[in-house]
Each structure stands twice: as C-alpha cells, then as structure tokens.
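Novice: I'll drop the sequence and a predicted model, then ask my questions.
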Amino acid sequence: MRGVGHGLLSTDCWKHGCKTSAPAHGRRPAHPVLRDSATGSLDGPPAGGLAEVDLQLILAVDVSPSMSRIEQKVQRDGYVDAFRHADVAMAIKAGELGRIAVLYLEWAGPNQQTVIVPWTIVESREDALTLADSLAALSLTEGRGTSISGALSTANYLFAKSGLYSSRSVIDVSGDGPNNAGALVDPIRQVLLAEGVTINGLPISLPRTGEADGFASYEPSSLQSYFERCVIGGPDAFAIGVTNAEMFATAIRRKLVREISMNMNQVIYAAYTERSDRTVDCNMIGQLPGR
C-alpha cells in the first residue's frame, strides 16, 4: 500500500499563504515535495509524473473544544469503521481507475490544523484496512477555536501540493458549530468552488448529556442550515446531519460511499436532517464568540 503515514504534520495556512490558483483537475504541487521512505507516505509526485486517482478526498475533522474526548473518539471510530467496511472498498473499486487518495486532517482554530494521515492511495480492501488500523492507532488531538475557514484554506494548500492527478477533489468537513475564529468562510470557499472542488458537510448535533459526555449547543436544524448555506458547495455537494451517536459510524460510511461512487441510488441516509428553508446570515454567524 502506498501512502499510509504515522507522523503528524502541522500546517498554518494563514501564516504561510495557502491560497493557490492551481486547477482542480490535474493539480500540480506549488512547492517541491518528497516521499517519506520510512513511512511510505505520498507527499509528492512519483518519478515519471503525477500519481493518478479517481478522487482526492480530504477528511477535515473538527477537534475544537466543544467536541469532548468521547465525541472525538466516536467521530474517529466512525471513520475507522467506515474504512473497514466492505461497502467503501467496493465503491473504490467501482471507479474508472479503482483507486482514490485520502488525507485525514484534524482542525480547530485558525492556526491549528494537523495532518494525522497524509495522502494515502487506497486501491484494495487491504489498503483500506491498513489505513483504518493506522488511524485507530493514533492519539486524539485537540485545539482551541472553531475555524472552518482555516480548515478549508489548509485543504486548498494540501490539494496544491498533493502530487496527484484526479478528475474530482472533495473536502469532507465535519463540525459541531459554525465558524467563529479566523477569517470568514466564504472567501476561501469561493476560491475552492472556482477550482471545481466539492465541499460536503457532516454537521454534528448530539444531544446534551452533561460535561463529561460533551454537549450540543446548536439546534440540529440550525446547524444543518448553516452547513447547507455557508459551508458546502460544488458539484453534487450535500450535508448529512448526525443527531445520534449510535448512527455516527453508519452515517460516515454511507457518506463516504456517496462521495466515492457518486451513485445516488446507493445512498440511504442515516439520521439525516432534511434541507431547511430558513435564511442564514453566514457572516453574522461567523462573528459568534469563540467556543
């Protein structure tokens, strides 16, 4: 398997300028990048050109303070279980090339984005199981603030330096609250949409169960509306709201299958909140006090 890494790579995109004008199809790295021979991680193009995959997928996962350790573990375990499930491997193999590239990014405040698993090419059930095992073995991270704009900016930078070629690029943003730190979401969102990137959402609104178990400060339909109006976008974009911890793994798996295969007929929504008609002021919500 190419690309499973075990180290942590921290990135600060607002400090180093992560915006790029690279095209969405056939993205080329903005800076020279190297392959890590010790881990096999794919940090740049192999000899002879760019590695080609059906999809470049960044899993941008919220680890802000409002996410308790228990909620973080449920979230992490959901992705681990998804890559262990045969449905995900089958969706990958059904693609034109039968392989995708996945990067797992944990984010919090504007300067707190950490690549937990770098670009990893998955083209078999064994690859998916290896990725899942690597992710399960890593410690949870945590940060301060909720900067969806920082996560999107970092994702833009990571696409630009992936050393990969694909017809589709997707960012999968999970979160339990609106952007409340750093820059506004819409400017970087518009950059990504102009490059043909799809941004999908996993708004998390678990029931309030006390300090030890975490809490949901945002009513499910309000958070769903925020993600629909202010975060997601691009070709075939969608948001699946999770309101029940027991359905978390199922929701993530079915979301991944949809993102990978783009086959609407294969999707059965888990704890899905229907699209809301309420109006959302994205900029005002972005000015909420930090959490």
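Specialist: Done, it's in.

Novice: and Ile58, what does it touch?
Specialist: 102-103, 105, 155, 158-159, 170-172 (C-beta atoms under 8 Å, 6 or more residues apart in numbering). Using the backbone N, CA and C atoms, a C-beta is placed for each residue, glycine as well.

Novice: and the helix or strand hosting Leu135, what does it pack onto?
Specialist: If you go by DSSP states H and E, Leu135 is part of helix 125-137. When contacts are defined as 3 or more C-beta pairs under 8 Å, 6 or more residues apart in numbering; DSSP states H and E, helix 125-137 sits against helix 69-84, helix 86-93, strand 113-122.

Novice: which of these sits closest to Ser221?
Specialist: helix 69-84 (19.6 Å; C-beta to C-beta).

Novice: I'd like the average pLDDT over that closest one.
Specialist: Averaged over helix 69-84, pLDDT sits at 88.

Novice: right, and the helix or strand after the lowest-mean-pLDDT helix or strand in the chain?
Specialist: In the chain, the helix or strand scored least confidently by mean pLDDT, DSSP states H and E is helix 13-16, which has a mean of 34. The C-terminal neighbour of helix 13-16 among helices and strands, as given by DSSP H and E, is strand 51-62.

Novice: what pairs with that next one, parallel or antiparallel?
Specialist: Sheet pairing of strand 51-62 (DSSP bridges) gives strand 100-107 (parallel), strand 164-175 (parallel).

Novice: output those in JSON lines; the columns should cover mean neighbour count, distance to Ser68 and mean pLDDT.
Specialist: Shown next, in JSON lines, are those (neighbours: other C-beta atoms under 10 Å; distance: least, C-beta to C-beta, whole Å; pLDDT from 0 to 100):
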{"stretch": "strand 100-107", "mean neighbour count": "27", "distance to Ser68": "15", "mean pLDDT": "96"}
{"stretch": "strand 164-175", "mean neighbour count": "24", "distance to Ser68": "14", "mean pLDDT": "94"}
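
Novice: please tabulate the ones you listed in a markdown table and include distance to Thr243 as additional columns.
Specialist: Listed next are those as a markdown table, based on distance: least, C-beta to C-beta, whole Å:
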| stretch | distance to Thr243 |
| --- | --- |
| strand 100-107 | 22 |
| strand 164-175 | 14 |
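
Novice: looking at the ones you listed, which is closest to Arg144?
Specialist: strand 100-107 (11.4 Å).

Novice: that closest one vs helix 125-137, what angle?
Specialist: 10 degrees (axes from the mean of the first three to the mean of the last three C-alpha atoms, to 10 degrees).
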